[in-house]
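Engineer: Provided below are the primary sequence and the corresponding predicted coordinates.
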Amino acid sequence: MTTSGYISMCSLCRYKHIGLQGASTWIFADKGEAFSFSEIYILGNAHLAFMPKNSYTDSSTVFAGNVVGDKTGMILFLK
């Protein structure tokens with residue numbers, strides 16, 4: 001395993017127990033569910049995360065017209 005692969009895998013470990021996370025917004029998506037946002041504004045290290053509700057093989061659709069902010073936050077799509 002390469003060093004970069006190890007780092008990327010370890011960085012996802014922190015999302016295993018999301019109850020321990022700080023100020024993050026988690027959206028749990030049902031299979032085939034679609035989300036549409038005209039604008040997403042991320043400010044001040046905010047986290048917005050989308051995660052399958054039942055199984056990691058489920059998929060959903062997310063559309064965002066504009067994503068704006070101060071470039072300190074993150075939008076996560078976990079699968």
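Structural biologist: Cool, got the structure.
Engineer: What is the burial count for Ala29?
Structural biologist: Residues lying near Ala29 (other CB atoms under 10 Å) number 19. Glycine gets a C-beta too; all of them are placed from N, C-alpha and C.
Engineer: Over to Phe63?
Structural biologist: By other CB under 10 Å, 9 other residues sit near Phe63.
Engineer: which element is it on?
Structural biologist: In this structure, Phe63 sits in strand 61-69 according to DSSP states H and E.
Engineer: where in this protein is pLDDT low?
Structural biologist: 1-23 (pLDDT under 70).
Engineer: Tell me which residues are up against the helix or strand following the strand holding Phe63.
Structural biologist: Per DSSP H and E, strand 61-69 leads on to strand 74-77 as the next helix or strand towards the C-terminus. With contacts defined as CB atoms under 8 Å, 6 or more residues apart in numbering, strand 74-77 is touched by Tyr15, Ile40, Ile42, Ala46, His47, Leu48, Ala49, Phe50, Val62, Val67.
Engineer: number of nearby residues for Thr57?
Structural biologist: Here the number of neighbours of Thr57 (other CB under 10 Å) works out to 8.
Engineer: who are the neighbours in contact with it?
Structural biologist: With CB under 8 Å, 6+ apart as the criterion, no residue contacts Thr57.
Engineer: for it, helix, strand, or coil?
Structural biologist: Secondary structure, DSSP: H, G, I helix; E, B strand; the rest coil: Thr57 is coil.
Engineer: and it, how far is that from Lys79?
Structural biologist: From Thr57 across to Lys79, the span is 8 Å (CB to CB, to the nearest Å).
Engineer: Where neighbours are concerned, which of the contacts of strand 74-77 has the most?
Structural biologist: When neighbours are counted by other CB under 10 Å, Leu48 leads the contacts of strand 74-77 with 20 neighbours.
Engineer: Would you enumerate the residues in contact with the closest residue in space to Ser60 that isn't next to it in sequence?
Structural biologist: Nearest in space to Ser60, with sequence neighbours left out and distances taken as CB to CB, 6 or more residues apart in numbering, is Ala29 at 3.7 Å. By CB under 8 Å, 6+ apart, the residues touching Ala29 are Phe35, Phe50, Met51, Pro52, Lys53, Asp58, Ser60.
Engineer: Kind regards, and thank you for your time.
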